[in-house]
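*Asks:* Output the structure for:
(one chain, ligands or ions: 1)
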Amino acid sequence: MSRKPVIAGNWKMNLTHLEGIQLVQNLAYHLDSTDFDKADVAVIPPFTSLRSIQTLIEGDRLDLTLGAQSCHHETSGAYTGEISPTMLSALGCSWVIAGHSERRTLFGETDEVVNAKVKAIIAAEMTPILCVGETLEQREAGEAEAVIRGQVTGSLAGVSAEQVADLVIAYEPIWAIGTGRTALPSDADGGCATVRATVAELHGTETAEAVRIQYGGSVKPGNVAELMSQPNIDGALVGGASLNADDFAVIARFHRL
Ligand SMILES: O=C[C@H](O)COP(=O)(O)O
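*Replies:* Residues are numbered from 1 along each chain as shown. Modelled structure (predicted):
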């Protein structure tokens, strides 16, 4: 089965809305319809930039898609400081990241919390980008596979095979995030293969063959082609390199390399 790659730039807590607009304008200049035929390309700015970038994408009819970095699982209510899936959907978001390792480790998000978010994102008709991945300590203790399996299983509890087939899962080994230390292409593919095998056990091979699995962790113009050539890698979740339009454009145009 051929799976359309997803290249997503997670800006994390970087760039004002003015800087964001400039970045997206530069990015749009570098990409053409061939690139969007080959991959879904998404920008995932902080909440404060979503409205500006939405206006730019719609006004200039760009093929870029928009995503958010997190959300609350409730539709509305007394949750000061939180943002609901409904609000993100109204801003034209197609994607919402759920369970990024920074949310799991710095903000205490458990598989149960992530699971509630995944379901809420799907209910609001957006696509979750579910993140999983092990720490260096877990990897060195030989626990990487069990950690990945546990996170995939816990985060997808109660999500149907049909819904799982449509979502995106990002395998991000924590030791490779923002460290410049990219996983070897074979290790990155191995992690993605574990994700796919877990989905197959949960929902069968057809679902596992359909789900798109990204690798994330120090993806750069210099390593994207080799990573993307791996059989289980269907895209990239890019942090640092997505803050530079030239670099992110090269990554999004990986098929030309
Ligand atoms: O969401 C993106 C990942 O955490 C990867 O970040 P990075 O490319 O800066 O390592």
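
*Asks:* For the ligand, see how far away the closest residue to residue 183 other than its chain neighbours is.
*Replies:* In space, and not counting its chain neighbours, residue 183 is closest to residue 176: 5.0 Å by Cβ to Cβ, 6 or more residues apart in numbering. Every residue, glycine included, has its C-beta placed from N, CA and C. For residue 176, the distance to the ligand equals 6 Å [Cβ to the nearest ligand atom, to the nearest Å].

*Asks:* So residue 176 is in contact with residue 191, correct?
*Replies:* No: in terms of Cβ atoms under 8 Å, residue 176 does not count as a neighbour of residue 191; the distance is 9.7 Å.

*Asks:* In terms of neighbours, single out the busier of these two.
*Replies:* Counting neighbours by other Cβ atoms under 10 Å for residue 176 and for residue 191 shows that residue 191 has the greater number, 26 against 23.

*Asks:* what's the closest non-adjacent residue to that one?
*Replies:* Using Cβ to Cβ, 6+ apart and skipping residues adjacent in sequence, the residue nearest residue 191 is residue 171, 4.1 Å away.

*Asks:* so who does that neighbour touch?
*Replies:* Contacts of residue 171 were listed using Cβ atoms under 8 Å, 6 or more residues apart in numbering, and they are 132, 133, 148, 188, 191, 192, 194, 195, 213, 214, 215, 216.

*Asks:* still on that earlier bit, quickly list what's touching both of residue 176 and residue 191.
*Replies:* Between them, residue 176 and residue 191 share these contacting residues under Cβ under 8 Å, 6+ apart: residue 183.

*Asks:* Tell me how far the residue nearest to residue 183 lies from residue 168.
*Replies:* Here the criterion is Cβ to Cβ, to the nearest Å. By it, residue 176 lies 18 Å from residue 168.
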